[in-house]
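Sequence and predicted structure are below.
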Amino acid sequence: MRLLEIKGPCEFSLVQVASHTDLSYAILSHTWTDGQEVTYQDLISGARNGKSGYDKIKFCRDQAAKDGLQYFWVDTCCIDKSDINELTTAINSMFRWYRDAKKCYVYLADVSAPSHDGDVPPSQGTWEAAFRGSRWFSRGWTLQELIAPTIVQFFSKEGKRLGDKQSLEKSIEEITGIPIQALRGNPFSNFNIAERIRWATRRQTTKEEDIVYCLLGLCEVSMPPLYGEGKEVAMKRLQFTIRGFSSNSSEPKDLEEKVVPFIVPFDRNPNFTGRETQLAQLEGRLFVGKQTTKVAITGLGGVGKTQLVLELVYRIKDKYRNCSVIWIPATNMESLHQAYLDVARQLKIPGSDEDKADAKKLVQGYLSKESAGRWLLMFDNADDVNMWIGQSGPGSGRLIDYLPRSEQGCIVFTTRDRKTAVKLAHRNIVEVPEMDEDVAIQLLQKCLINPDLVNNRPDTTALLKELTYLPLAIVQAAAYINENGIAFVDYLTLLADQEEEVIDLLSEEFEGDGRYENIKNPVATTWLISFEQIRHRDALAADYLSFMACINPKDIPQSLLPTGSPRKKEVDAIGTLEAYSFIVKRAADLALDLHRLVHLATRNWLRQNDLMTQWAEKAIVRLEEVFPDHSHENRSVWRTYLPHVSYMLISDVLPKDEGKRIDLAWRFGMCLYTDGRYNEAEVLFIEETERRKKVLGAEHPDTLTSMANLASTFGNQGRWKEAEDLEVQVMETSKRVLGAEHPDTLTSMANSASTYRNQGRWKEAEDLEVQVMETSKRVLGAEHPDTLTNMANLASTYRNQGRWKEAEDLEVQVMETSKRVDAGRRPKTWRCK
């Protein structure tokens, strides 16, 4: 072997070294230009400067010097090709020489990457297109020059470093079709001979025989070149040589590409869309390391886990031609056992036809052998953790213990339950989120007979929002739209219908590729499996889910959930619902959001099981327990609960006149009134007034209180005539039923006076306020808080008329009395009880 030794800044010379030298050297990889390469004879004779190829030699010298290497090797001038023996030795040693080099410099003469700053690497965007189209990737001899060295660095024709084999491995894989594992230096035993030969199928060489000779190192054999024999004869000789190199004649030969098992129940989904981030995560975790890789894919039912992994297995099939792929449905033990039997028989495992064959053990043993090669084992719908870690029967092992072990194997699970995912794959979890709007539009468009429907962007956006961007819901909606020839706005109208009608719509069966025949497709039923699993595994989680189905699905305070269980069980229950992606726990306030379609489906499930009324009653009781009065100091609490009380009161599950419901509605209305939400409060007060008239009678004190509150609401809306009419009615009835001096009668009179005052009807207001004040002094006492309130109201009336002296006298009297009686009490305006 000859090397070029660097003698000085511009000097180098040829030196002869042992073929198995321990010297550290750099090596050049490049493409040849006819008549311009510097040969061994040119270097000896000094005719090197007249050829453009000399620039590559100088580049290699300078780069080696920068890297602290004294020696470098360039094929054009370090091999005397006129010596047939030397050429034969070089061809058979080439792979080893590249493998043993400290660094390999790839000089790309057709890639330009100028940079203004010599120390700053050029931006990839300026050279990537030329890099992908470079002639270097199409030449035969550069194949081994790419794979053999540990460190391969790429340079532009200006000598600018573009990256290395590691940093550019994804691009190189896409350009060449060579698996990343091969680029990373994984043992050749991971790739059969047929696969290695296939890496060169799209490459070319100047001499036709060289397309075979360049494979010698990759195939781990040696043989003399015989130029003139032709490519076909050379390939036959290579195959014969490979057979001769095999030390065990009983080993299966892999010269011809064998058909590897691909046991997958579904065709590739032509409508698969997006999910590139998750696919990249999955592909990056497979076939790495020295042990069986386990990965779990988790996400909400209907989010597209099965379709994601279906796309994954077809990509693995394309990428790794010698990789066996086995798909096992794990919905229940029966389907899993049958799938194992089918797999064992398709693999022709000895003993698989026996009646009492343990197919799980047979498949485990088969895949655990090195002879099985590379494999990917897929378990879809692995939702029941007890099926995996529990004993399946007396004397039988756990299902998880039947998983095969091999450095060449990967196991992927899909599951709705993140807790199960962690049990099966530990930290190696890939979560599938909801689709973003753009990807959801693409999926919808692919599924439609008339893809132009998505051009109506407002309707498209509204539809996808209603479907929560859930792939299963999108596919189901598209199927219904296709079958019935309707527009998006028509489907939106159906979704806006009564809850039971929406459930019927979302329960429509539809045909879909890539789905199991024995599993329900529709959105409304897809979570039934999850409900049953949660009910059997975590009763408190099932109770929480049932409770949340009766209230607003958004912003649920954890303090609202039913209590009485140990704290750990409560944490576990919330964790279970979160693990199934049914809820999202907000980090800021620890409130919970229940997925809207899960909320709808749970209500349907409760109805089907005759549990809706029972849980609605429990929700009313719980809300009645925790919902505070309308006082200002409770405002932050009751504001949080308002949406949930509102949802419960609007629901028609319970009768309107149920006792606790009436009490809750009363408190709810008072909170709305206190919050200034008068329009909403009015509706409740009207309902409450009519209900009390019907149940208690028109003259009952509670009915009069409801009427007073309604009148006060009218007043706050500026509807003075309606307020006045009601207040007069309440006042006259109170005088007749309760008496003229009853505190409630005085309250109604004060409310009427307030209405007059707000309209500027000062005389009428004054007359009533004087009457109320005098009666209050006589009945309650001059120092009673209500008496002081009435005096303050009268003073306000005087002040608004410009009667400052009378107002001042009253206000001083109120102030002095208040100081004496209760320093902490302030006069208040008596508006509504």
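Great, that's in hand.

residue boundaries of the strands in the stretch 101-250 of the chain?
With DSSP state E, counting those that start in this stretch, the ranges of strands along the stretch 101-250 of the chain come out as 103-107, 152-155, 161-164.

now the stretch 451-600 of the chain
Going by DSSP E, counting those that start in this stretch, the stretch 451-600 of the chain shows strands at 583-585, 592-594.

what residues does the first one touch?
Spelled out, that is strand 583-585. Defining contact as CB atoms under 8 Å, 6 or more residues apart in numbering, one finds that strand 583-585 is touched by 548, 574, 577-578, 591-595. Where you see a C-beta, it was placed from the backbone N, CA and C, and this is true even at glycine.

CSV for the strands of the stretch 101-250 of the chain, including distance to residue 429?
Listed next are the strands of the stretch 101-250 of the chain as CSV, based on distance: least, CB to CB, whole Å:
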stretch, distance to residue 429
strand 103-107, 38
strand 152-155, 34
strand 161-164, 31
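
buried set for stretch 331-340?
331, 335-337, 339-340 (16 or more other CB atoms under 10 Å).

I'd like the mean pLDDT over it, please.
Mean pLDDT, computed over stretch 331-340, is 84.

From the contacts of strand 583-585, pick the one nearest residue 494.
Closest approach to residue 494 among these (CB to CB): residue 595, at 20.2 Å.

quick one, phi psi at residue 428?
phi -90, psi 70 (degrees, to the nearest 10).

Which residue, other than its chain neighbours, is closest to it?
residue 295 (4.9 Å; CB to CB, 6 or more residues apart in numbering).

list the buried ones in the helix or strand hosting the one you found?
Residue 295 is part of strand 293-298 when elements are defined by DSSP states H and E. By neighbour count on 16+ other CB under 10 Å, the buried set for strand 293-298 is 293-298.

Columns distance to residue 324 and pLDDT on top of those residues, output as JSON lines?
Formatted as JSON lines, the buried residues of strand 293-298 follow (distance: CB to CB, whole Å; pLDDT from 0 to 100):
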{"residue": "293", "distance to residue 324": "15", "pLDDT": "90"}
{"residue": "294", "distance to residue 324": "17", "pLDDT": "93"}
{"residue": "295", "distance to residue 324": "17", "pLDDT": "94"}
{"residue": "296", "distance to residue 324": "21", "pLDDT": "95"}
{"residue": "297", "distance to residue 324": "20", "pLDDT": "95"}
{"residue": "298", "distance to residue 324": "25", "pLDDT": "93"}
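
what does the average pLDDT come to for stretch 712-719?
The model assigns stretch 712-719 a mean pLDDT of 85.

that older thread, to residue 83, which of the strands of the stretch 101-250 of the chain lies closest?
strand 103-107 (24.9 Å).

Tell me what angle the following helix or strand past the strand holding residue 295 forms with strand 293-298.
Counting by DSSP H and E, the element after strand 293-298 in chain order, helix or strand, is helix 305-319. Angle, helix 305-319 to strand 293-298, by axes from the mean of the first three to the mean of the last three CA atoms, to 10 degrees: 140 degrees.

Strand partners (parallel or antiparallel) of the helix or strand following helix 305-319?
Per DSSP H and E, the first helix or strand lying C-terminal to helix 305-319 is strand 324-329. Applying DSSP bridges to the sheet, strand 324-329 is found paired with strand 262-263 (parallel), strand 375-380 (parallel).

list the contacts for the residue lying closest to residue 463 once chain neighbours are set aside?
Of all residues beyond its chain neighbours, the one nearest residue 463 is residue 488 (4.8 Å), with distances taken as CB to CB, 6+ apart. Residues near residue 488 by CB under 8 Å, 6+ apart: 453, 456, 459-460, 462-463, 481.

Nearest residue to residue 629 in space, please, no chain neighbours.
Nearest non-adjacent residue to residue 629 (CB to CB, 6+ apart): residue 667, at 6.4 Å.

mind listing what the one you found touches?
By CB under 8 Å, 6+ apart, the neighbours of residue 667 are 627-630, 645.

can you list contacts of the helix or strand where residue 620 lies?
Using DSSP H and E, residue 620 falls within helix 612-626. By CB under 8 Å, 6+ apart, the list of residues contacting helix 612-626 from outside reads 546-547, 549-551, 559-560, 562, 603, 606, 641, 644-645, 648, 651, 653-654, 658, 660-661, 663-664.

same thing but at 7 Å, please
Here helix 612-626 makes contact (CB atoms under 7 Å, 6 or more residues apart in numbering) with 546-547, 549-551, 559-560, 562, 603, 606, 641, 644-645, 648, 651, 653-654, 660-661, 663-664.

Show me those that map onto helices.
Using DSSP state H, the subset of the contacts of helix 612-626 located in helices is 546-547, 603, 606, 641, 644-645, 648, 660-661, 663-664.

Buried subset of these as a ChimeraX selection?
Buried subset of those, written as a ChimeraX selection, criterion 16+ other CB under 10 Å:
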select :546,547,603,606,641,644,645,648,661,664
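
That concludes my questions; thank you for your assistance.
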